[in-house]
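[1] need coordinates for the below:
(chains A and B, ligands or ions: 2)
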Amino acid sequence: MTAVVVSGAGRVFDGGSGAGTVALTDVDLTVGEGELVSLIGPSGCGKSTLLRLIADLDAPTSGSVAVFGKTAERARKDQDYGIAFQQAGLLPWRSVRANVELPMQLRGAGGLSGRAERAARSAELLALVGLTDFADHRPHQLSGGMQQRVAIARALARSPRLLLMDEPFGALDEMTRERLQDELLRIRAATGAAVVFVTHSIAEAVYLSDRVVVMSPRPGRVVATLDVPLGGPADRVARGIGLREDPAYFERVSAVREVLHSGDAASDRVSS
Amino acid sequence: MAGAAGVLLLGFGWEGYKAAAPDDGLVLGGVRVLPRTTDAAMPHLWDLAASAGEPVSSAAGAPPLWLVTLRGAGSSLVLATAGWVCGVLVGLLLAVVMARLARARAVLLPWVVLSQVVPLIAVAPLVARPDSADGQPWVPVVAIASYLAFFPVSIGALRGFTAPDDDRGGLYVDLFRSFGVGWWSGFWRLRLPASVPYLLPALRLAAANAVAGTIVAEVYTGLPGGLGRLIVDFGASAAADPARQWSPLLGAILVGLATTLVLAGAATGLRRYRPGEAR
Ligand SMILES: Nc1ncnc2c1ncn2[C@@H]1O[C@H](COP(=O)(O)OP(=O)(O)OP(=O)(O)O)[C@@H](O)[C@H]1O
Ligand SMILES: [Mg+2]
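    Ligands and ions are numbered 1, 2, ... in the order given. Here you go, the predicted structure:
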């Protein structure tokens, strides 16, 4: 079964006076089970809007979105996906552990009822993101990179088969960013979850993805989809730095860059 | 420590002003801008202290003034607390309804604000009809205290409950939506804890309002036992004993201190919910 099927989706925001903003138009996107797909494109091309449609945080004005064969709303209510944003968004009054346990505690969300059950699960997740020693810290005692790792652990709390990420490493320095990219690949290998990953970084998109979806603004649309045949997540982690210096990797980076720039030119022609 | 220093400073200020300013205060253009300092208007602190030890009446076994004042303060504190609790409950309830339903907010909020425009003097006779002998005599006092207390709570709590809507572009609200849970889960786990920084000052304001409302209502209804009644009684005999008039005032300060202390304790207990403080 496919994780996500977006067909002919459009989203127009009313500007109040007649002509609204066309944030997305006629977008088709399929994300297979366990696949990692990046959305890349210049600011304002509708990446976040598309992610929010999949997450049912927003509804399309045309077309449809299916997640694991259900409506996006049903999938959200079934907690079929976990989500992480550019800002970690941890609750400052909760410890790191309690933040990770938050989605498990909520009633009506099929939460894990037992305390012990939750504690075991949060310990497992904190080990996965390497924060076991910080379980009892409060979010403000953590660096930005560590907070983001907590947010990812929280997104994984209910073992979702789909992870939605909107520039999760966007606010981090280059070093931390590369470390977390490797971490995400490891998490992928361990959980087998499909990932939709929004980013501004070509290198990041290529390094992480099975496929890169290039988008273009005014109106927001998909201009190209590029395959990235660099091996599965486990392979990539094993190769580490070697992969970042592989000619095949560079070739894919150049290919994405070319499409991105031709997309710019196309939209310039449209707008002028 | 700081509290004790403040009381001491107030004492020095009182005696210093009494010594320095002219007996008739300061009158500018027919308006008295500084109060009189005669012994009738501002007794010496030691006269106040002496008067506190004297019995309140010539009857045999009459209790000393300090004890009467303390009992009055206790009685007013109980009523103010009752008024505060009722006011806080009503305020929270209104805030929850307004936070939950945008339409209810549009309808209720103007009335909540309007309720405080009506002066207490206009409300008191409606609640406290001296002719109606039925019911408990303290009910109108509590009602007036809670009428003044509910307002800051409803406004502060509403502000707090809706704070996550604006925080980081609605990030937290989106997050809870992604958990697929209902509004009430979000209320208990997100909106209520996030409201604490707004709620604490509102609870303090409500306490101050409840104390003031209680005493004013006691004066109005003449309810025996409280500080308000002492103000009436001692005011009637002011000529004979000017120092006595000050005792209900000190009693009111005591009541205020007690509520402040309790709420400071609550604030300490809730400090993990307050950003930017030692957690
Ligand atoms: N709530 C909204 N109301 C009105 N317009 C919106 C809203 N959200 C997004 N838009 C518009 O939709 C378009 C796409 O926005 P979106 O946030 O999806 O872009 P993005 O690709 O994520 O950009 P960035 O890379 O800067 O995050 C923009 O023109 C934006 O102004
Ligand atoms: Mg965005």
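[2] helix or strand: which one has A:G10?
    Secondary structure assigned from DSSP states H and E places A:G10 in strand A:2-13.
[3] could you pull out the buried residues of that strand?
    A:A3, A:V4, A:V5, A:V6, A:A9, A:G10, A:R11, A:V12 (16 or more other CB atoms under 10 Å in any protein chain shown). For every residue, glycine as well, the C-beta is placed using N, CA and C.
[4] so the spatially closest residue to the fifth one that is not a sequence neighbour is in which element?
    Counting by CB to CB, 6 or more residues apart in numbering or on different chains, A:A9 lies nearest to A:G63, which is 3.6 Å off, once chain neighbours are set aside. With elements delineated by DSSP H and E, A:G63 resides in strand A:62-67, which encompasses its position.
[5] ok, now A:I152?
    Per DSSP H and E, A:I152 falls inside helix A:144-155.
[6] relative to helix A:144-155, how tilted is the helix or strand that that helix is followed by?
    Tracing the chain past helix A:144-155, the next element assigned as helix or strand by DSSP H and E is strand A:162-166. In this structure, strand A:162-166 runs at an angle of 150 degrees to helix A:144-155, with axes from the mean of the first three to the mean of the last three CA atoms, to 10 degrees as the basis.
[7] how far off centre is strand A:162-166?
    Remark: strand A:162-166 is offset 3 Å from the chain centroid, using CA atoms, centre = their mean, to the nearest Å.
[8] ok, and does that strand reach over to ligand 1?
    No - Strand A:162-166 lies apart from ligand 1 when judged by CB under 6 Å from any ligand atom; the minimum separation is 7.3 Å.
[9] just give me how far the helix or strand just after that strand sits from the chain centre.
    On the C-terminal side of strand A:162-166, the closest following helix or strand by DSSP H and E is helix A:174-191. Centroid displacement of helix A:174-191 relative to its chain, using CA atoms, centre = their mean, is 13 Å.
[10] any idea how far A:V237 is from A:E251?
    Using CB to CB, to the nearest Å, we find A:V237 at a distance of 21 Å from A:E251.
[11] can you show me the strands along the chain?
    The chain I'm using is chain A. Using DSSP state E, the strands of chain A run over A:2-13, A:21-32, A:36-40, A:62-67, A:70-71, A:81-84, A:162-166, A:194-199, A:211-216, A:221-227.
[12] switch to chain B, that's the one I care about
    According to DSSP E, the strands that chain B contains are B:26-28, B:31-34.
[13] of those strands, which is nearest A:V213?
    For the strands of chain B, proximity to A:V213 was assessed by CB to CB; strand B:31-34 is nearest, at 76.0 Å.
[14] residues contacting the closest one, please?
    The set of residues that contact strand B:31-34 without belonging to it, under CB atoms under 8 Å, 6 or more residues apart in numbering or on different chains, is B:A21, B:G25, B:L26, B:V27.
[15] among those, the buried ones, what's the ChimeraX command?
    Restricted to the buried members of the contacts of strand B:31-34, where burial is judged by 16+ other CB under 10 Å, the ChimeraX selection command reads as follows:
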select /B:25
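[16] what's the farthest-apart pair in the contacts of strand B:31-34?
    Between any two of these (CB to CB), the greatest distance is 11.7 Å, for B:A21 and B:V27.
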